[in-house]
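[1] any chance you can model this:
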Amino acid sequence: MRNHFARCLFLTAATVALLAGTPRLVADDAGAPEASPAQTSPAPAAVGQQPAANTQATTSTQTVANTQAIINTQSATNTQPAAIVTMGLEPDIPDFVTHMGDRLLELFHIQATGNSWERYLLAVGILLLFYLFRRLALPLIFKLIHRAMKRVTLEPADRIISAVGPPTALFIMITGLCVALRTLHHPPDLGRYIHQGARILWAVAFLWMIVRVIGAIFDHMQGVAKKRDLSIAAFMPWIRKSVVTIIVIFSGLVILQQFGVNTQTFLAGLGLGGLAFALAAQDTVANVFGAAVVAVDQPFKIGDVVTLGDHTGAVEDIGIRSMKLRRGDTSLVVIPNKTVASESIINLSRFTNRRAEQVLGFTYDSTPAQLEDIVRDLRALITAEAGVMPESVQVYFRDFNASSLDLIIVYATRGPDYAKYMELRQRLNLAFMRAAQARGLSFAFPTQTLDLAPSAAKVLGKP
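    The predicted model follows:
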């Protein structure tokens with residue numbers, strides 16, 4: 001009588017559970033269904049004033065009939081094998097994993113008889129199949145993609161394909177593990193933990209893929225910047241680390257939020273902490289923003305000779321906090337980036353060409369004819385130089401100076417190279433001296449002529 005009453009209670013609870021659709025039935029080794037551990041529905045109370053025995057018998061008969069009808073209806077309409085319904089995994093597992101596990105169980109005609117050797121063998125086979133696909137088929141697929149990319153010469157795409165490879169292999173192994181576990185029976189709690197772990201691993205693999213793709217893109221951009229000799233190439237590693245850090249932080253917050261963790265409190269605390277940090281490290285923040293301004297504006301690059309404030313030298317290093325300037329006397333000057341961003345910068349390495357301007361002074365005993373001839377000679381000497389732009393040449397008799405007759409000479413070189421510019425000036429200056437000597441001219445220097453009065457001459461003993 002007690003066993004019959006307990007069976008009635010179980011069938012009543014199972015009927016309520018099936019109608020509600022929340023718990024799952026798990027078949028035991030004997031083949032008799034038993035209620036889910038989480039379901040504890042009490043037996044319905046007796047109706048009316050019937051005797052207890054008749055009430056129990058009537059309830060048992062109705063419950064058995066209703067339960068069998070519901071099970072038969074679900075078995076007829078459900079396309080999944082019965083073994084899959086009894087697994088205990090969470091219902092929101094990805095559809096392709098559920099579909100693959102169901103079809104494999106249905107293909108090998110494995111019924112809901114517990115974790116038999118057939119199930120274990122199938123799970124091991126699934127893991128082996130996914131492993132072989134990762135080791136053999138996946139490298140072949142990526143090799144074919146690389147060949148296709150080389151034909152169209154898309155270097156960024158080729159880098160991205162190479163970056164996607166390892167995360168894709170990890171994603172395949174995680175999927176194989178989930179499909180293999182899908183074919184086995186698990187307690188509900190263990191199935192839930194397995195599912196959450198799989199979601200975390202999928203998220204990590206996807207995040208790893210994003211980080212690698214971003215790294216590949218920045219590596220390509222850095223290579224292009226170096227080829228074009230852009231100063232932003234020095235800042236590419238710093239920009240890359242900053243972008244990756246931001247993406248990892250926000251992705252971690254999204255993953256935590258998906259698992260029910262309240263991230264709003266963390267974000268609020270992060271905002272207050274950031275404000276306190278900014279107030280406590282104003283100079284550091286100013287230097288970081290100064291580095292960003294220098295990276296965007298690009299007023300110089302490593303190796304350029306610049307004048308910054310009172311310092312002139314070659315740029316040796318550009319960092320997040322400061323830049324290093326090597327002066328002509330080989331001393332090293334470290335200048336904070338906030339000063340660099342606020343000061344005027346003269347870049348002496350970005351000449352498009354070199355401009356020369358000089359004055360030649362001849363003595364006052366020079367004749368007008370001699371000056372006309374020397375002007376023509378000097379203009380011809382400068383124009384004959386291959387490194388001089390002919391349209392820039394200007395030679396004129398300009399001033400009557402205190403002790404000289406001044407000629408102004410102006411010309412521009414074709415290139416910015418300083419060494420070649422100095423060699424050109426030396427060559428022209430020597431040619432100017434030869435031309436002046438050939439014309440019988442003398443270069444003037446500061447002199448004074450004193451005209452003495454007769455009394456002064458008499459005192460000095462001169463007639």
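
[2] so what's residue 129 up against?
    residue 176 (Cβ atoms under 8 Å, 6 or more residues apart in numbering). For glycine as for every other residue, the C-beta is placed from the backbone atoms N, C-alpha and C.

[3] next SSE after the helix or strand that it is a member of?
    Per DSSP states H and E: residue 129 is located in helix 117-132. Counting by DSSP H and E, the next helix or strand C-terminal to helix 117-132 is helix 138-152.

[4] what angle separates that following helix from helix 117-132?
    Counting by axes from the mean of the first three to the mean of the last three Cα atoms, to 10 degrees, helix 138-152 lies at 30 degrees to helix 117-132.

[5] buried stuff in the helix or strand following helix 138-152?
    Counting by DSSP H and E, the next helix or strand C-terminal to helix 138-152 is helix 155-182. For helix 155-182, burial by neighbour count (16 or more other Cβ atoms under 10 Å) applies to 157-161, 163-165, 167-182.

[6] looking at helix 155-182 now, give me its mean pLDDT.
    The average pLDDT within helix 155-182 is 82.

[7] that helix - contacts with which helices or strands?
    helix 95-107, helix 117-132, helix 138-152, helix 188-227 (3 or more Cβ pairs under 8 Å, 6 or more residues apart in numbering; DSSP states H and E).

[8] kindly export the helix holding residue 129 (C-alpha atoms) in PDB.
    What follows is helix 117-132, C-alpha atoms only, in PDB (Å, rounded to 0.1, in the frame of the first residue of the first chain):
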ATOM      1  CA  TRP A 117      30.200   2.300 -23.300                       C
ATOM      2  CA  GLU A 118      28.700   3.300 -26.600                       C
ATOM      3  CA  ARG A 119      28.300   6.900 -25.300                       C
ATOM      4  CA  TYR A 120      31.800   7.000 -24.000                       C
ATOM      5  CA  LEU A 121      33.100   5.600 -27.300                       C
ATOM      6  CA  LEU A 122      31.100   8.200 -29.200                       C
ATOM      7  CA  ALA A 123      32.400  11.100 -27.100                       C
ATOM      8  CA  VAL A 124      36.000  10.000 -27.500                       C
ATOM      9  CA  GLY A 125      35.500   9.600 -31.300                       C
ATOM     10  CA  ILE A 126      34.000  13.100 -31.500                       C
ATOM     11  CA  LEU A 127      37.100  14.600 -29.700                       C
ATOM     12  CA  LEU A 128      39.400  12.700 -32.000                       C
ATOM     13  CA  LEU A 129      37.500  13.900 -35.100                       C
ATOM     14  CA  PHE A 130      37.700  17.500 -34.000                       C
ATOM     15  CA  TYR A 131      41.400  17.100 -33.100                       C
ATOM     16  CA  LEU A 132      42.200  15.700 -36.500                       C
END
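
[9] in that helix, what counts as buried?
    119, 122-123, 126-127, 130.

[10] if we can go back for a sec, dump the helices and strands packed on helix 155-182 to a markdown table, plus distance to residue 392 and mean pLDDT.
    Shown next, in a markdown table, are the helices and strands packed on helix 155-182 (distance: least, Cβ to Cβ, whole Å; pLDDT from 0 to 100):
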| stretch | distance to residue 392 | mean pLDDT |
| --- | --- | --- |
| helix 95-107 | 73 | 66 |
| helix 117-132 | 73 | 83 |
| helix 138-152 | 47 | 78 |
| helix 188-227 | 32 | 82 |
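
[11] now those in JSON lines, with distance to residue 390?
    Putting those into JSON lines (distance: least, Cβ to Cβ, whole Å) gives the following:
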{"stretch": "helix 95-107", "distance to residue 390": "75"}
{"stretch": "helix 117-132", "distance to residue 390": "75"}
{"stretch": "helix 138-152", "distance to residue 390": "47"}
{"stretch": "helix 188-227", "distance to residue 390": "34"}
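
[12] so which of those helices gets nearest residue 284?
    The closest of these to residue 284 is helix 188-227. By Cβ to Cβ, the value is 24.1 Å.

[13] output the helix or strand just after that closest one as PDB, nothing but the C-alphas.
    Next helix or strand after helix 188-227 toward the C-terminus (DSSP H and E): helix 236-258. Output of helix 236-258 as PDB, limited to C-alpha atoms (Å, rounded to 0.1, in the frame of the first residue of the first chain):
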ATOM      1  CA  MET A 236      52.200  52.800 -32.800                       C
ATOM      2  CA  PRO A 237      53.200  50.300 -30.000                       C
ATOM      3  CA  TRP A 238      51.800  52.600 -27.400                       C
ATOM      4  CA  ILE A 239      48.600  53.200 -29.300                       C
ATOM      5  CA  ARG A 240      48.300  49.400 -29.800                       C
ATOM      6  CA  LYS A 241      48.600  48.600 -26.100                       C
ATOM      7  CA  SER A 242      46.100  51.300 -25.200                       C
ATOM      8  CA  VAL A 243      43.500  50.000 -27.700                       C
ATOM      9  CA  VAL A 244      44.000  46.400 -26.600                       C
ATOM     10  CA  THR A 245      43.700  47.300 -22.900                       C
ATOM     11  CA  ILE A 246      40.500  49.200 -23.500                       C
ATOM     12  CA  ILE A 247      39.000  46.300 -25.500                       C
ATOM     13  CA  VAL A 248      40.000  43.700 -22.900                       C
ATOM     14  CA  ILE A 249      38.500  45.700 -20.000                       C
ATOM     15  CA  PHE A 250      35.200  46.400 -21.700                       C
ATOM     16  CA  SER A 251      35.000  42.800 -23.000                       C
ATOM     17  CA  GLY A 252      35.600  41.500 -19.500                       C
ATOM     18  CA  LEU A 253      32.800  43.700 -18.100                       C
ATOM     19  CA  VAL A 254      30.400  42.400 -20.800                       C
ATOM     20  CA  ILE A 255      31.300  38.800 -20.000                       C
ATOM     21  CA  LEU A 256      30.800  39.400 -16.300                       C
ATOM     22  CA  GLN A 257      27.400  41.000 -17.000                       C
ATOM     23  CA  GLN A 258      26.300  38.000 -19.000                       C
END
